[in-house]
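Enquirer: Fold the following.
(chains A and B)
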Amino acid sequence: MLKILVCVKQVPDIDLVKMDPETGNLVRDGVPSMINPLDMNALEAALRLKEDMGGEITAITMGPPAAEAVLRECLALGADRAVLVTGREFGGADTLSTSYVIAKAALQLGSYDLIFCGKETVDGATGQMGSQLAERFGTSQVTSMSLIKSLDMERGSIVVEREVEKGVETIEARIPCLFTVEKTNYQPRLPNYRGKKAARTAKIITMGPGDIEGLDEKLIGVPGSGTIVPRIYPPVLPEAGQIIDEGSAAASAVKLCAILAAEGRI
Amino acid sequence: MEKYGKLSPELMEELRAIVGKERFFTGEDIDPNYSHDEMPIYGSHMPEAVCEVESTREVSEILKLCNEHRIPVTPRGAGTGLVGGAVPLLGGVVISTVRMNKILDYDMKNLCVRTQVGVLLQDLAADAAEHGLFYPPDPGEKTATVGGNVATNAGGMRAVKYGVTRDYVLAMTVVLPTGEILELGKAVCKSSSGYSLLQLMCGSEGTLGIITELTLKLIPAPPHDVSLLMPFENLADAIASVPDIKLAKLDPQSIEFMDADIVRSSAAFTGNSIFPQKLQGREVGGCILVTLVGNSEDELYEKMDRLNDVAEKAGAIDLLVVDTPSLKKTVWSARSSFLTAIEADTKLVDELDVVVPVDKIAEFLVYTRQVGEEQGLYVRNFGHAGDGNLHIYCCSNTMTEEEFIPRVKVVMGKCYSECARFGGQVSGEHAIGHAKKEYLRESVGDTAFRLMSQIKRVFDPNMILNPGKVCTYTEEGKGED
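Expert: Residues are numbered from 1 along each chain as shown, chains lettered A, B, ... in the order given. Next up is the predicted model:
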């Protein structure tokens, strides 16, 4: 049976988050949480594959107990089981320690043929988790995957399309493989009522630090993080440019020279 | 036919003195948008002067002057109307209320808000929400002014539970065509105190007076809500489920319908394909979108259970749940974009905003499509299934306007007759303007139409205010009997 892992994150509703102009901190008080929208594209890719080929989807997240809500969303949409990795010790983790913990927890529960991640999160937006997890799992990886073309379990290969700057690459990858998913072809579906109702009371597998075998405490939470964030501040936006269009390149150049001359730059 | 005066340079100067030169426009300085609303097929007419007013006093002074000199005056909010109501058919002066955009104060004990009329619906709704309150009327056009909403008695998507705009108007300040300032209504919940001039003003389309301030009723926001989408293989089955939804004791906040064509147009226009076009291998022909409210999540689940039974019995392909803030935003903004989507991919369009008994909706939609196609037009429709208010758009991308207008007139004539046969109303919420007068006259009959004209004359003896709208004519040989 095809085994799929989908990694998701609970993020604050970005439309409602504001930045404190004095401290630069994100004001999250009272802001509702949601599933990272790009993770929904990852889940959608997994669900379509399951519809075509059968299989089992595991959704996993690390976060506070309330992050269980995003797992219930995954279950409502068709994930078969959900894993919440939670504990105070994990707090303050960056992507390095998060990928360590997620991989450890997920592998303890089984192995996976395919792993799907969102391209990035809308809060941290590092885009690092997918690649780090592929390293941790020891799988091949295709980032910016936009379409699954075919899957051959016997040969252990999958053919996908990948969006690049100037077009689309077609890539054949060895299974197991991790994908970060583009939203192009994977607009998430709406959950149905039956799924919602069942997900409401479904069991969530919860794992704390003590439940994960062989966890190195030095590699989790703040001590396990390779980065620190000393400050967050809003970007200084550059001044709006001026478009010079005098009808032809030559005329535009003359106009540009006139402006620069008037400003004493030439 | 009334005789009107000319807007002389001296009168122009007097008007300029009332509002100041920054807010007074003439000739080429007038924004061409002041010549039409959002339905260009009904024609454009430039005003000779535009006054962007900021106070009741200014409106009063302008009207006094114009009444004295018999200058036509057309009031205008955001210009989002769909029946030519704000089009200055005879030129003259346009009084624009867009600068009267202040929410004045909240009465948290009596649950009401006092506001100027130029406040946009979306701003009032958001501001009320910040005060923990809820303004129930929810017309699709969120950038309309609340004054325009009152003047047309706009309904919207929550009318099935909460009623329409007039149900939320407690009091108003209105300037009569003579310039007299009148306070109508009180900030109380009941009145049995003589003829309700307040209610007469609601839906009077700026023909009886210019409303400048409103006291609107608010309610506590429902703590929990969820929207549910019921996709069907065909629209008739979708609409046939509406009476059962109403009988299931769900007290829904809204029951909307949309056909597959409008869903496709909207997805192509907005890039938002949240409404499924294919589900479980079946083509979706039409959808019902229901919103339920409740005091707890458990209550919502109980209601959803009952709705699920209705959906299964009615043959819905599935029952999809729209429960997160981001999904709700996506779904309802897609719903609100339907008209814009039609406008974006259609060269020529005319519309009906009829109300028919709920059990006649499906039959009426089949009829309009058939009549439209007979005339070479394609038809798009969506609307409020819960109250029978249908928005039907007759469109063409291939005809010239000269070809289109007589054909669409045939379609309109037949459809309004059919609507009357079904016991329906000409307009549910877009009103009459100058575009739907004849259909109104046929629908209400000569006696009622004459009474309307006589009421108009009581308020506006010189017939200066919004001439040619609702029940008055600007053409020779027409008018009161």
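Enquirer: got any ranges where the stretch 1-150 of chain A has weak pLDDT?
Expert: A:24 (pLDDT under 70).
Enquirer: Try it again at 90.
Expert: Along the stretch 1-150 of chain A, segments meeting pLDDT under 90 span A:13-32, A:122-125.
Enquirer: how about B:I317, secondary structure?
Expert: Under the three-state scheme (DSSP: H, G, I helix; E, B strand; the rest coil), B:I317 adopts coil.
Enquirer: B:E475 and chain A, how far apart?
Expert: 48 Å (C-beta to the nearest C-beta, to the nearest Å). The C-beta positions use only the backbone N, C-alpha and C, and glycine is treated the same way.
Enquirer: my guess is B:T143 meets B:G79, correct?
Expert: No - the pair B:T143 / B:G79 is not scored as a contact, 9.6 Å apart, by C-beta atoms under 8 Å.
Enquirer: tell me the strands in chain A, going along the chain?
Expert: A:3-7, A:10-12, A:18-19, A:26-27, A:33-35, A:56-62, A:81-85, A:114-118, A:140-152, A:157-164, A:167-174, A:177-181, A:205-207 (DSSP state E).
Enquirer: Just say helix, strand or coil for B:I211.
Expert: strand.
Enquirer: Distance of it relative to chain A?
Expert: B:I211 is 34 Å from chain A, by C-beta to the nearest C-beta.
Enquirer: follow-up on the earlier one: in CSV: the strands of chain A, plus distance to B:K249 and mean neighbour count.
Expert: Converted to CSV, these look like this (distance: least, C-beta to C-beta, whole Å; neighbours: other C-beta atoms under 10 Å in any protein chain shown):
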stretch, distance to B:K249, mean neighbour count
strand A:3-7, 39, 25
strand A:10-12, 35, 21
strand A:18-19, 41, 11
strand A:26-27, 41, 14
strand A:33-35, 31, 22
strand A:56-62, 36, 24
strand A:81-85, 34, 22
strand A:114-118, 41, 28
strand A:140-152, 45, 18
strand A:157-164, 50, 18
strand A:167-174, 52, 13
strand A:177-181, 43, 27
strand A:205-207, 38, 17
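Enquirer: Could you check how many residues crowd around residue 199?
Expert: Just going to use chain A. 20 (other C-beta atoms under 10 Å in any protein chain shown).
Enquirer: The intended chain is chain B.
Expert: B:Q199: 16 surrounding residues under other C-beta under 10 Å.
Enquirer: and what of A:A105?
Expert: Neighbours of A:A105 (other C-beta under 10 Å): 22.
Enquirer: Run a quick check on it versus A:G87, I expect a contact.
Expert: No - between A:A105 and A:G87 there is no contact under C-beta under 8 Å: 10.8 Å.
Enquirer: Tell me who's in contact with the nearest residue to B:T212 once chain neighbours are set aside.
Expert: Counting by C-beta to C-beta, 6 or more residues apart in numbering or on different chains, B:T56 is the residue found nearest to B:T212 once chain neighbours are left out, at 4.2 Å. Counting by C-beta atoms under 8 Å, 6 or more residues apart in numbering or on different chains, B:T56 makes contact with B:173, B:175, B:181, B:212-213.
Enquirer: ok, now with 10 Å
Expert: Listed by C-beta atoms under 10 Å, 6 or more residues apart in numbering or on different chains, the contact set of B:T56 reads B:100, B:116-117, B:173-175, B:181, B:210-213.
Enquirer: What of A:V85?
Expert: A:60-63, A:67, A:98, A:101-102, A:104-106, A:205-209, A:211-212.
Enquirer: bridging residues for it?
Expert: Beta-bridge partners for A:V85, by DSSP bridges, are A:M62, A:M207.
Enquirer: now it: how far from A:L5?
Expert: Separation of A:V85 from A:L5 (C-beta to C-beta, to the nearest Å) stands at 13 Å.
Enquirer: anything in contact with each of the two?
Expert: Common neighbours of A:V85 and A:L5 (C-beta under 10 Å, 6+ apart) are A:60, A:102, A:106.
Enquirer: of those, closest to chain B?
Expert: Distance to chain B across the shared contacts of A:V85 and A:L5 (C-beta to the nearest C-beta) is lowest for A:I60, with 19.8 Å.
Enquirer: Identify the residue nearest the closest one in space, chain neighbours excluded?
Expert: Nearest one to A:I60, counting by C-beta to C-beta, 6+ apart, is A:V83 at 4.3 Å.
Enquirer: isn't the one you found right up against A:T58?
Expert: Yes - the criterion here is C-beta atoms under 10 Å, and A:V83 meets it with A:T58 at 6.4 Å.
Enquirer: list the residues that contact both of those two?
Expert: A:5, A:7, A:106, A:109, A:205.
Enquirer: how about the first one, what does it touch?
Expert: What it means is A:L5. Neighbours of A:L5 in contact, by C-beta under 10 Å, 6+ apart: A:42, A:46, A:56-60, A:79, A:83, A:102-103, A:106-107, A:109-117, A:133, A:137, A:176, A:178.
Enquirer: What residues does chain B have near chain A?
Expert: B:226-231, B:267, B:271-276, B:279-280, B:297, B:301, B:304-305, B:307-308, B:311-312, B:317-327, B:329-331 (C-beta under 10 Å from any C-beta of the partner chain).
Enquirer: Could you list the low-pLDDT ranges of the stretch 351-481 of chain B?
Expert: B:362, B:474-481.
Enquirer: Pick out the residue in it sitting closest to chain A.
Expert: B:F382 (18.5 Å).
Enquirer: Where does B:V293 sit: helix, strand or coil?
Expert: Assigned state for B:V293: strand (three-state reduction, three-state DSSP).
Enquirer: show me what contacts it?
Expert: Taking C-beta under 10 Å, 6+ apart, one finds B:134, B:158, B:161, B:221-226, B:250-254, B:299-300, B:303 in contact with B:V293.
Enquirer: neighbours around the closest residue to it other than its chain neighbours, how many?
Expert: Using C-beta to C-beta, 6+ apart and skipping residues adjacent in sequence, the residue nearest B:V293 is B:P222, 3.7 Å away. Neighbours of B:P222 under the rule other C-beta under 10 Å: 15.
Enquirer: What helix or strand is B:P222 located in?
Expert: B:P222 belongs to no helix or strand when assigned by DSSP states H and E.
Enquirer: ok, now the one 3 residues further on?
Expert: Secondary structure here is read from DSSP H and E; on that basis B:D225 sits in strand B:224-232.
Enquirer: How far away from the center of its chain is the helix or strand that contains B:A17?
Expert: Assigned by DSSP H and E, B:A17 belongs to helix B:9-19. Mean-position distance between helix B:9-19 and its chain equals 33 Å (C-alpha atoms, centre = their mean, to the nearest Å).
Enquirer: Quick check: residues of chain A near chain B?
Expert: A:13-16, A:32-35, A:37, A:40, A:51, A:69-70, A:73, A:76, A:187-197, A:200.
Enquirer: Quick one, which of those residues are buried?
Expert: A:13, A:33-35, A:37, A:40, A:69-70, A:73, A:76, A:188-193, A:195-197 (16 or more other C-beta atoms under 10 Å in any protein chain shown).
Enquirer: Select from those every entry located in helices.
Expert: A:37, A:40, A:69-70, A:73, A:76, A:193, A:195-197 (DSSP state H).
Enquirer: Could you list the low-confidence segments of the stretch 51-200 of chain B?
Expert: B:140, B:187-193.
Enquirer: Now do the strands in it.
Expert: Assignment of strands within the stretch 51-200 of chain B using DSSP state E, counting those that start in this stretch yields the ranges B:73-76, B:93-96, B:103-107, B:112-116, B:133-134, B:169-175, B:181-185.
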